[in-house]
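Novice: Fold the following for me, if possible:
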Amino acid sequence: QVQMVESGGGLVQAGGSLRLSCAASGRTFSNYAMGWFRQAPGKQREFVAAISWSGRTYYEDSVKGRFTISRDNAKNAVHLQMNSLKPEDTAVYYCAASTVDWGIRAGERYDYWGQGTQVTVSS
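Specialist: Model (predicted):
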């Protein structure tokens with residue numbers, strides 16, 4: 001079992017930055033691929049970014065060049081640095097952990113989820 005808690009969300013103006021963090025506890029963190037997903041009101045959950053066991057990264061097209069995912073296995077943490085934020089980035093952001101290291105753009109690959117943190121970008 002893995003417990004995860006997100007932090008770092010908030011209100012920011014368009015063009016600003018936020019850094020989301022996800023603290024994980026439980027089993028060996030380095031054995032999990034980690035991902036960030038988001039869900040805006042009235043929309044389906046969508047993939048944002050993921051990082052494999054080995055550190056390979058994946059991004060949704062609309063965030064490439066603006067967001068950066070990283071992991072710190074020594075601290076059981078994964079981060080999402082979000083720059084040049086846009087109003088369309090407004091959503092609840094969720095951290096997730098997967099026991100598999102493939103197909104990690106898909107939400108169904110993930111076994112554990114955090115409770116989410118709200119990100120609001122004003123225009």
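Novice: now the most centrally placed residue in the chain, what's its secondary structure?
Specialist: Per CA atoms, centre = their mean, the C-alpha nearest to the average position across the chain is that of Trp36, at 2.2 Å. Three-state call for Trp36 (DSSP: H, G, I helix; E, B strand; the rest coil): strand.
Novice: Kindly report the same for Ser70.
Specialist: Applying three-state DSSP: Ser70 is strand.
Novice: Now do the same contact list for the residue nearest to the centre of the chain.
Specialist: Taking CB atoms under 8 Å, 6 or more residues apart in numbering, we find Trp36 in contact with 20, 22, 48-50, 69, 78, 80, 93-96. (Each C-beta comes from the backbone N, C-alpha and C, glycine too.)
Novice: can you check Leu11 too?
Specialist: 120-122.
Novice: Leu20 too?
Specialist: 6-9, 36, 79-80, 82, 93, 95, 117, 119.
Novice: can you rerun that using 10 Å?
Specialist: Residues in contact with Leu20 (CB atoms under 10 Å, 6 or more residues apart in numbering) are 6-10, 36, 48, 67, 69, 78-82, 93-95, 117, 119.
Novice: Tell me how far it lies from Tyr94.
Specialist: Remark: distance between Leu20 and Tyr94 (CB to CB, to the nearest Å) = 10 Å.
Novice: Give the residues shared as contacts by those two.
Specialist: Common contacts of Leu20 and Tyr94, defined by CB under 10 Å, 6+ apart, comprise 6, 36, 48, 117.
Novice: The third one: which element?
Specialist: The one in question is Val48. strand 46-51 (DSSP states H and E).
Novice: coming back round to it: now, which of the contacts of Leu20 lie within strands?
Specialist: 6-7, 10, 36, 48, 67, 69, 78-82, 93-95, 117, 119 (DSSP state E).
Novice: For the residues you listed, which ChimeraX command selects only the ones that are buried?
Specialist: In ChimeraX syntax, the buried subset of those is picked out as below (16 or more other CB atoms under 10 Å):
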select :6,36,48,67,69,78,79,80,81,82,93,94,95,117,119
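Novice: about what we covered before: tabulate the contacts of Trp36 (TSV), appending distance to Asn31 and pLDDT.
Specialist: Below are the contacts of Trp36 laid out as TSV (distance: CB to CB, whole Å; pLDDT from 0 to 100):
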residue	distance to Asn31	pLDDT
Leu20	22	98
Cys22	16	97
Val48	22	98
Ala49	19	98
Ala50	15	98
Ile69	17	98
Val78	13	97
Leu80	20	98
Tyr93	23	98
Tyr94	20	98
Cys95	16	97
Ala96	14	96
